[in-house]
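> okay, sequence plus prediction incoming.
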Amino acid sequence: MRMRRKAWTEPRLAACPYFIEQPSEHRGRWRECFADPAGPLHLEIGCGKGVSTVRMAHDNPHINYVAIDEVRHVLAVSVNNTEREFGGNNPGNLVYAAVDAMRIYDTFSAADGIERIYISFPNPWDERAKHHKRRLTHPRQLFQYREFLSPDGEIWMKTDNDALFTATKRYLGECGFEIRCLTDDLHASGFSPNYISEHEQLYAGQGKPIHFLIAKMKPLDDGDDKNHSDGGIDMNNFFEANRKRLDSFTRISNEIGARADYVQGGGGNTSVKLEGSLMAIKASGYCLKDIRPDRAYAVLDYEALRRFYNNSDPKAFEDVEKAGSEQAKANTKAIEGLAALRPSVEAGFHSILDTYVAHSHSVYANLAACSVELEGIVKQALADADYKWGWVSYVDPGARLTFSIRDEVRRIEAETGRRPAAIFMQNHGLIAHSDDPEACLRIHTDVNDRIASAFGIKNGDFPQVGVHELENGLFEADCPFLTEQLASGDFREKFLLESPLYPDQLVFLTGVFSFSEDMPGDGMAVCNPKTGVVTFNMPATKAQVIAETLTAVLFICRAIERKGYTLSTMGEAAKAFIANWESEKYRKSLAGK
């Protein structure tokens, strides 16, 4: 039975000196919260009302305890129980925090040196097999705990649920833990000390035996398999096991990829997290509209990638982009029946976000992202949105961008208690993400609707872009808006090639597009400066990509100009990075194939 919310919860927590309001800000610094920072540090996950927690802290003043639960009104009851136990005094060795255990990696790190984790009577999630991954002892959680447990750290676990206890023993073995103590009847075993929680009192009173174990962490062997059996994927059965999520992934990709106002050419990317710590992400050089449940994407171990980005300091690497690239390469998985493709270079930030991630180069979102006034525009446009948002300054795509997004997500979550569901990237584009595919699409659409409205236009006002074949085998752009703007004299070759708004403009136009009254050479596109007509000497698919890219750039420039905002362009360092970036050369080589 769920506990009713208490009206006094927030005032109670706000007045408590040992309730940590912004737990992620203490990541790596939890010992600073205690009177004796040098004392052993123990963590209780799912402390509930704190009945056993406060007794444990009272009896062991030399040990520091962090007790977490995701329900704030339950934590308020814990605070009341602590006051009674300690006579209204600050215990000095106990703090509470509201933390979602599924994202515990955002709250603790190896620098905290946690020596013991208590997990008592967690939700068994035994109704349906697909819910097993939510168990606090599931391998996806155990691998997170390994990231911040000290060497030889322990997990103490209690439950009345037979199925959960049996599975937990298997999980621990799969994840490099050695069981040192085990009993199926804790109260009859004589084990001491045993601090009894409210749940334990209830179950013991009903005559239920209490299962208990202590597991010690061991070093992982190189051969340890993180694609564990429970919830893991039989690679030969990959498509059937992930059918529903791959279908949703395909639909999101195709809906966004079908619109030239959302992505141009092979721009943007999407991903979905699957069972067994796997993630499907659009392959580099492919278009979103190409994605199907069995093609145009790569598969990675997102948990391994997530651990790297959540637990690393980018300043610690001599070449952070190389380090990120090596991680993506090392964690790319071969799936029988799926072509071996290169994952998007932006796989890093996909790994740290929610189940479904959609990243587009929408012309509407980029009206804000390519304005110097980005933050103010978005703040006003999304003022009454039912989701949180964040933004990052321009950062070159790759590892640095992932670290920047990681820090912004943590900042917003610390300030608001919620992860931002929409993230703007200056001079780049938009990210929308959610654990629900419909919500992911809704947020993406809503952001674009709101930004378009802020600029006095509608989502969908982007002009139609096409190309048609001439008699001599050349192609010509078929877009009156594009022709009119290029003929106006306001946009010249120097501006379009040397002051790019975002990476795709640089990637698709440099070395290919120019102004000339002559016909284009092989593989080239030229704009007649007098007429504004663009002619292409290349396959129709590549011509379409360039036409869409040119139209998007000019559409954004005109809308920002009409509104009186200041155009933001990429700096020289960013231009040099993209121009010399091997990943973008690879993507460009595949564009239009």
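Done, it's in. Residues are numbered from 1 along each chain as shown.
> what residues does the longest strand belonging to the chain touch?
Taking DSSP state E as the criterion, the chain has its longest strand at strand 149-159. Outside strand 149-159, the residues that touch it by C-beta atoms under 8 Å, 6 or more residues apart in numbering are 113-122, 124, 137, 142, 145, 165, 168, 172, 177, 180, 186, 200, 210-217. Just so you know, the C-beta spots here come from the backbone N, C-alpha and C atoms, and that holds for glycine as well.
> equivalent analysis for stretch 324-342, please.
235-236, 238-239, 278, 283-286, 294-302, 304-305, 308-309, 343, 345, 347-348, 398-399, 402, 583, 586.
> end-to-end on that stretch?
Start-to-end span of stretch 324-342 (C-alpha to C-alpha, to the nearest Å) is 14 Å.
> mark which of the contacts of stretch 324-342 are buried, thanks.
The neighbour count (16 or more other C-beta atoms under 10 Å) marks 235, 238, 278, 283-286, 296-302, 304-305, 308-309, 343, 345, 347-348, 398-399, 402, 583 as buried among those.
> any idea of the pLDDT on Tyr171?
What the model reports as pLDDT for Tyr171 is 91.
> and for it, the neighbour number?
24 (other C-beta atoms under 10 Å).
> what's the answer for Glu25, then?
Around Glu25 there are 15 residues (other C-beta under 10 Å).
> which residues does it contact?
By C-beta under 8 Å, 6+ apart, Glu25 lies in contact with Ala414.
> change it to 10 Å
For Glu25, the contact set (C-beta atoms under 10 Å, 6 or more residues apart in numbering) comprises 107, 410-411, 413-415.
> among the residues you listed, who's most crowded?
Busiest of the contacts of Glu25 [other C-beta under 10 Å] is Thr107, holding 24 neighbours.
> quick one: the strands in the stretch 1-150 of the chain, in order.
19-20, 41-45, 64-69, 94-98, 114-120, 149-159 (DSSP state E, counting those that start in this stretch).
> tabulate the ones you listed (TSV), appending distance to Asp354.
Output for these, formatted as TSV (distance: least, C-beta to C-beta, whole Å):
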stretch	distance to Asp354
strand 19-20	24
strand 41-45	21
strand 64-69	21
strand 94-98	19
strand 114-120	24
strand 149-159	26
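> among those strands, which comes closest to His132?
strand 149-159 (14.1 Å; C-beta to C-beta).
> quick one: the closest one to strand 114-120, angle?
10 degrees (axes from the mean of the first three to the mean of the last three C-alpha atoms, to 10 degrees).
> after the strand or helix carrying Glu321, which helix or strand is next?
Under the criterion of DSSP states H and E, Glu321 resides in helix 320-330. Later in the chain than helix 320-330, the nearest helix or strand by DSSP H and E is strand 332-333.
> what sits against the residue minimising distance to the centre of the chain?
By C-alpha atoms, centre = their mean, the chain has its centre lying nearest to Leu353, at 1.3 Å. Contacts here follow C-beta under 10 Å, 6+ apart; on that basis Leu353 touches 271, 273, 302, 306, 359, 402, 405-406, 409, 419-421, 423, 431-435.
> all helices for the stretch 201-350 of the chain, in order.
For the stretch 201-350 of the chain, applying DSSP state H, counting those that start in this stretch gives helices covering 238-241, 243-257, 302-311, 320-330, 347-351.
> now do the same end-to-end measure for stretch 426-435.
25 Å.
> all further residue positions should be reported with the first residue as 52.
That works, and once the first residue is 52, the last one we named lands at stretch 477-486.
> so for it, mean pLDDT?
96.
> how about it: buried residues?
Buried residues in stretch 477-486, counted by 16+ other C-beta under 10 Å: 477-485.
> CA-only coordinates of the longest helix along the chain in PDB, if you can.
Secondary structure assigned by DSSP state H gives helix 591-614 as the longest helix of the chain. Listed next in PDB are the C-alpha coordinates belonging to helix 591-614 (Å, rounded to 0.1, in the frame of the first residue of the first chain):
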ATOM      1  CA  ALA A 591      20.200  13.400 -57.800                       C
ATOM      2  CA  THR A 592      20.400  12.200 -54.200                       C
ATOM      3  CA  LYS A 593      23.500  14.300 -53.500                       C
ATOM      4  CA  ALA A 594      22.100  17.300 -55.300                       C
ATOM      5  CA  GLN A 595      19.000  17.000 -53.100                       C
ATOM      6  CA  VAL A 596      21.200  17.100 -49.900                       C
ATOM      7  CA  ILE A 597      23.000  20.300 -51.100                       C
ATOM      8  CA  ALA A 598      19.700  22.000 -52.100                       C
ATOM      9  CA  GLU A 599      18.200  21.200 -48.700                       C
ATOM     10  CA  THR A 600      21.300  22.400 -46.900                       C
ATOM     11  CA  LEU A 601      21.400  25.700 -48.800                       C
ATOM     12  CA  THR A 602      17.600  26.300 -48.300                       C
ATOM     13  CA  ALA A 603      17.900  25.600 -44.600                       C
ATOM     14  CA  VAL A 604      20.700  28.000 -44.100                       C
ATOM     15  CA  LEU A 605      19.000  30.800 -45.900                       C
ATOM     16  CA  PHE A 606      15.600  30.200 -44.200                       C
ATOM     17  CA  ILE A 607      17.300  30.400 -40.800                       C
ATOM     18  CA  CYS A 608      19.200  33.600 -41.700                       C
ATOM     19  CA  ARG A 609      16.100  35.400 -43.000                       C
ATOM     20  CA  ALA A 610      14.000  34.500 -40.000                       C
ATOM     21  CA  ILE A 611      16.600  35.600 -37.500                       C
ATOM     22  CA  GLU A 612      17.100  38.800 -39.500                       C
ATOM     23  CA  ARG A 613      13.300  39.600 -39.500                       C
ATOM     24  CA  LYS A 614      13.100  39.100 -35.800                       C
END
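> just give me how far that helix sits from the chain centre.
Centroid separation for helix 591-614 versus its chain: 29 Å, with C-alpha atoms, centre = their mean, to the nearest Å.
> can you get me a residue count around the residue lying closest to Gly441 once chain neighbours are set aside?
Among residues not flanking Gly441 along the chain, Pro471 sits closest, at 3.9 Å (C-beta to C-beta, 6 or more residues apart in numbering). Residues near Pro471, counting by other C-beta under 10 Å, number 23.
> any idea whether Pro471 is helix, strand or coil?
Under the three-state scheme (DSSP: H, G, I helix; E, B strand; the rest coil), Pro471 adopts coil.
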